[in-house]
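> Quick check, what structure comes out for this input:
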Amino acid sequence: MRVIAELPHPECKITIFSMNQKYIAKFEQGTFEQSYKLAELDLSGGGVNDVFEILDEDFIKTVIERFKNMRNDFTAAYKRHQF
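Residues are numbered from 1 along each chain as shown. As a prediction, the model looks like this:
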């Protein structure tokens, strides 16, 4: 797996990887991460530029919201067990 791009964003780290004819978009925020895989064959042939188009601001907003939900879920689970 090799890094082919990093997209700057103030709320999370976004890294695009290439591996086995797939692009992997990885979002990181603190200890949480989300990954999305895209087969090269499913794109229109524009390479990583096609991935950039898919990762538009509307999509990134949903990713950020999902991070909030992930954090809330994990915090609730942690509190239930009081480690």
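
> Would you mind checking the average pLDDT for the strand or helix carrying Ala77?
Ala77 is part of helix 57-81 when elements are defined by DSSP states H and E. The average pLDDT within helix 57-81 is 96.

> Flag every buried residue along it.
60, 63, 67, 70 (16 or more other C-beta atoms under 10 Å). Bear in mind the C-beta positions are built from the backbone N, C-alpha and C, glycine included.

> I would like the residues contacting that helix, please.
Contacting residues not belonging to helix 57-81 are listed as 9, 11-12, 14, 27, 29-30, 32, 34 [C-beta atoms under 8 Å, 6 or more residues apart in numbering].

> Check which residues of stretch 26-36 are buried.
So for stretch 26-36, counting by 16+ other C-beta under 10 Å, buried means 26-27, 29.

> quick check, nearest of those to Val3?
Lys26 (9.5 Å; C-beta to C-beta).

> Find the residue at the geometric middle of the chain.
Phe27 (3.0 Å; C-alpha atoms, centre = their mean).

> Tell me who's in contact with that one.
12-14, 33-35, 60, 63, 67.

> swap in Val51?
5, 16, 23, 25, 38, 43.

> Let's see that with 10 Å instead.
4-5, 7, 16, 18, 23-25, 36, 38, 40, 43 (C-beta atoms under 10 Å, 6 or more residues apart in numbering).

> Can you turn the buried part of those into a PyMOL selection?
Typed into PyMOL, the next command selects the buried ones out of these (criterion: 16+ other C-beta under 10 Å):
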select buried, resi 16+18+23+24+25+38+43
